[in-house]
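Enquirer: Give me a model of this one.
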Amino acid sequence: MGQDAFCCSLRCGPTSSDIVTTLREPIPVAGSGARLRALGRRGPSLQRRGRRFGIALIAPTAIVMALVIGFPIYYAVRMSLYTKSYLSPDETFVGLENYTRVLTAPSFWSAAWNGVVYTVSSVTLQLVIGTAIAMALHRPFRGRGLARGLVLLPYVVPTVAAVAVWKWALNDTFGIVNRVLLKLHLISSPVTWLSPHSMMAALIVLSIWMYTPFVIVSVLARLQTMPVEIDEAARLDGANGPRIFVYITLPQLMEVFGAVVLLRLYWMFTKFDLLWLVGEGGAAGRSIENVPVYAFRRTFQELNSGEGAAAAVSLMLVLVAFSFVYLRAVPIERGSSE
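Expert: Numbering: from 1, shown residues only. Down below sits the predicted model:
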């Protein structure tokens with residue numbers, strides 16, 4: 001009987017229609033409806049618990065950032081409303097008088113103009129030179145990995161060491177720059193590169209050498225994510241290298257350019273250490289002084305913390321307003337090609 005039943009089951013098994021009908025039928029789960037209704041009622045509470053958990057995770061970092069960033073801003077704004085010396089605890093509330101004195105001082109506007117010249121010139125040249133080097137490093141050649149590693153060296157050199165080496169190289173008596181230029185007959189006599197008339201140019205060259213690697217890395221990272229099929233199709237259609245760069249590569253780099261230019265403008269306009277080390281002790285004096293150096297000098301050399309804080313707060317407000325306008329005009333996240 002067992003063998004006959006087994007053979008019958010093989011001969012008279014379920015048909016395909018029986019299988020489809022069985023699959024379409026819902027699988028009975030004991031209490032499934034009640035559990036689903038319970039989960040539906042608990043959904044909002046689970047979301048609230050998830051939000052509270054996320055807030056708890058970021059709360060320590062948010063508190064630290066508020067203390068590290070928020071308190072100095074608050075203290076600078078408060079100090080700008082008082083007449084105060086950092087050597088004395090005495091202070092007198094003067095309102096906006098410090099801002100009036102700073103904004104009417106010719107030395108402040110001279111420092112602001114120096115900052116604009118230094119920032120715009122150095123950032124523009126960093127972007128052009130960095131993009132060109134990134135395009136060269138993107139193409140395959142022998143030793144490309146080593147070249148990509150060496151190009152980062154200026155960016156990791158400490159500022160004090162870089163300034164010391166460049167001051168030695170630009171020295172008008174024994175500097176290597178004048179020796180090389182004299183050997184090549186490009187100049188007839190040594191040039192005093194650290195004079196008030198040429199120190200801004202020397203500072204811009206030093207800044208290009210130190211900070212162009214940031215642009216190179218940023219642009220090179222974007223180039224490596226671009227599909228090569230587009231360039232190949234353009235070459236098959238007869239496009240040459242410059243046309244491919246202008247109409248294909250450059251539009252895809254605009255998003256990176258937007259972020260890089262914004263960061264470089266911030267960092268160069270608020271640069272203090274480089275300008276202070278290059279200008280102090282040289283013959284240039286205040287010919288390269290920008291707003292951060294001006295605020296430092298007013299605070300710690302002329303013992304006027306109120307006006308120094310007013311200059312710093314004024315720079316902060318200008319940068320905040322500029323960033324708002326820049327982010328509205330340059331869609332960094334979407335890219336300007338959209």
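Enquirer: okay, and for the stretch 1-150 of the chain, where does confidence drop off?
Expert: Applying pLDDT under 70 to the stretch 1-150 of the chain flags residues 1-44, 46.
Enquirer: mind listing the helices for it?
Expert: 2-11, 16-24, 32-65, 71-79, 97-103, 106-138, 144-150 (DSSP state H, counting those that start in this stretch).
Enquirer: Could the C-alpha coordinates of stretch 265-272 be exported in PDB?
Expert: Output in PDB follows, covering the C-alpha atoms of stretch 265-272 (Å, rounded to 0.1, in the frame of the first residue of the first chain):
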ATOM      1  CA  LEU A 265      38.900  82.800  -0.200                       C
ATOM      2  CA  TYR A 266      38.100  82.300   3.500                       C
ATOM      3  CA  TRP A 267      41.500  80.900   4.300                       C
ATOM      4  CA  MET A 268      43.500  83.500   2.400                       C
ATOM      5  CA  PHE A 269      41.500  86.500   3.600                       C
ATOM      6  CA  THR A 270      41.800  85.400   7.200                       C
ATOM      7  CA  LYS A 271      45.500  84.400   6.900                       C
ATOM      8  CA  PHE A 272      47.600  85.700   9.800                       C
END
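Enquirer: buried stuff in that stretch?
Expert: 265, 268-271 (16 or more other CB atoms under 10 Å). Glycine gets a C-beta too; all of them are placed from N, C-alpha and C.
Enquirer: Pretty sure Val151 is one of the things Leu137 touches, is it not?
Expert: Yes. Contact criterion CB atoms under 8 Å: Leu137 and Val151 qualify, at 7.0 Å.
Enquirer: shared neighbours, the two?
Expert: By CB atoms under 8 Å, 6 or more residues apart in numbering, Leu137 and Val151 have these common neighbours: Ile216.
Enquirer: Buried residues, stretch 162-175. List them.
Expert: Buried-residue list, stretch 162-175, by 16+ other CB under 10 Å: 162-163, 166-167, 169-171, 175.
Enquirer: Could you export that stretch as PDB, CA atoms only?
Expert: Presented in PDB, the C-alpha positions along stretch 162-175 are these (Å, rounded to 0.1, in the frame of the first residue of the first chain):
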ATOM      1  CA  ALA A 162      58.500  77.500   4.900                       C
ATOM      2  CA  VAL A 163      58.800  81.200   5.600                       C
ATOM      3  CA  ALA A 164      62.400  80.700   7.000                       C
ATOM      4  CA  VAL A 165      63.500  78.900   3.800                       C
ATOM      5  CA  TRP A 166      61.900  81.400   1.500                       C
ATOM      6  CA  LYS A 167      63.300  84.400   3.300                       C
ATOM      7  CA  TRP A 168      66.700  82.800   2.900                       C
ATOM      8  CA  ALA A 169      66.100  82.100  -0.800                       C
ATOM      9  CA  LEU A 170      64.800  85.600  -1.500                       C
ATOM     10  CA  ASN A 171      67.700  87.400   0.400                       C
ATOM     11  CA  ASP A 172      69.200  90.100  -1.800                       C
ATOM     12  CA  THR A 173      72.700  89.300  -0.700                       C
ATOM     13  CA  PHE A 174      73.100  85.600  -0.600                       C
ATOM     14  CA  GLY A 175      69.700  84.300  -1.700                       C
END
